[in-house]
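Chemist: Below is the structure, and that's it, no one-letter string:
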Ligand code: GAP
């Protein structure tokens, strides 16, 4: 993890938030490459979850949430972790973080045994809306995106005229005042979720739970996380929310252990029923065929953007041996991103920066490719160094403009370039005009 965290900072994937002021724990900023990676992930999720399906529509709800919503959902009462303080080193700990030696609970930091009794700590961030700072102005930063979907269920049903089963998808920020943010971005206080609420008839729930678990596993494979590194945990009855009839956690083998990437839960009709009861507004569905009126059930695949980005980086990180300028073998850091996820798709390099013809040709190629993909132009340093810099950020392809491109050695090679593959390091000579088609095919 140390190498990964350091690469993330060095190359501009992820920085500590407010770093120049000493940072704020559990908060992170994504740099130029991190934001591209994150967007590629979110766009691909949206593409396969919303655009490629007839039965899912999207929405984008507000972050500040009416307290009544979170009272009805159970968050105001119950969205808390048991917390314990160590009186010796003053650490604030989640109860499940204590270590037990010879049957005695101890602080994991200092080994202290002088601990407070557990007390419930609500993880929601509270704020005030408007000028009056009293109880009537309280609102919360949403702890999950899902509630906005439930609350807008009726509006969206009416405008989309969908029939069951159908889903509503949303990507957005969520906030939790985690007691111990840790493992880099894995447990943060501000993060993004990609959530789908897939509404169905009660009798379809269990089958759709299986269906969505499989769909989600396929998704991870399609972004470059191999099936062998993913694990499906069937959440046992005693750990499942009381209203859920079945929950799977999809876990990934992070360097710090096997941890949850996503939860796929069959939440029954709990959420819609709670909001119907609390608001007094009907959230029922009317089935034209059977003339039945009922509150739909829901299956929810809920994934974390930041956790998936972290998994993508961890999975991509590798070191191998490659020859330097003088042919001597050196360690090469490569991020082997799936081309679909790579923040930069293609590097373009004129062999020499002081040759105007080479530079002009390389810039022509940049203009040719830019409408199709993120391209990075680099003319500084030896060509091997430039390849390494792109390998380190996971750019799958490199294009070099050399003297053969100018037709100096063989007129038949005029307007051809070398196309280098990041993983095999093999180079292939291709015509400039074929580049957009060749790259598009290999990238997506
Ligand atoms: N609507 C259901 C829900 O929010 P959850 O298991 O609490 O369920 C879903 O969260 C996903 O959101 C998790 O699987 C994880 O990927 C992400 N997530 C939750 N808490 C997080 C945190 N503190 N930091 C980063 N990601 C988090």
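Modeler: Okay, I see it. What you see is a predicted model, and the numbers here were worked out from it, not measured in a lab.
Chemist: Could you give the number of residues near the residue in the chain that the ligand sits nearest to?
Modeler: Taking Cβ to the nearest ligand atom, the ligand has its nearest neighbour within the chain at residue 304, 2.2 Å off. The way it works is simple: take the backbone N, C-alpha and C, and place the C-beta from them, glycine included. For residue 304, the count of nearby residues is 23 (other Cβ atoms under 10 Å).
Chemist: For beta bridges, what are the partners of it?
Modeler: With DSSP bridges as the criterion, residue 304 is bridged to residue 193.
Chemist: got a pLDDT number for it?
Modeler: pLDDT, residue 304: 98.
Chemist: Over to the one 4 residues further on?
Modeler: Turning to residue 308, the model gives it a pLDDT of 98.
Chemist: measure it to residue 151 for me?
Modeler: Here residue 308 is placed at a distance of 26 Å from residue 151 (Cβ to Cβ, to the nearest Å).
Chemist: One more: residue 359?
Modeler: 56 Å.
Chemist: So the two - more neighbours on which side?
Modeler: Between residue 359 and residue 151, counted using other Cβ under 10 Å, residue 151 has the larger neighbour count: 22 against 17.
Chemist: can you pull out the strands in the stretch 151-300 of the chain?
Modeler: Along the stretch 151-300 of the chain, counting by DSSP state E, counting those that start in this stretch, strands occupy 166-175, 190-200, 230-234, 246-254, 257-268, 285-287, 292-294, 297-304.
Chemist: Got the phi and psi for residue 361?
Modeler: phi -60, psi -40 (degrees, to the nearest 10).
Chemist: Equivalent analysis for residue 363, please.
Modeler: Here residue 363 shows phi and psi, under degrees, to the nearest 10, equal to phi -70, psi -30.
Chemist: Now do it, the pLDDT please.
Modeler: On the pLDDT scale, residue 363 gets 97.
Chemist: For the residue lying closest to it once chain neighbours are set aside, name its beta-bridge partners.
Modeler: Distances taken as Cβ to Cβ, 6 or more residues apart in numbering put residue 377 closest to residue 363, at 7.0 Å, once the chain neighbours are dropped. Under the criterion DSSP bridges, residue 377 forms beta bridges with residue 348.
Chemist: Please name whichever of the strands of the stretch 151-300 of the chain is nearest to residue 86.
Modeler: Comparing these against residue 86 with Cβ to Cβ, the closest turns out to be strand 257-268 (22.9 Å).
Chemist: so what secondary structure elements neighbour that closest one?
Modeler: Under the contact criterion of 3 or more Cβ pairs under 8 Å, 6 or more residues apart in numbering; DSSP states H and E, strand 257-268 touches helix 205-222, strand 230-234, strand 246-254, strand 297-304, helix 305-316.
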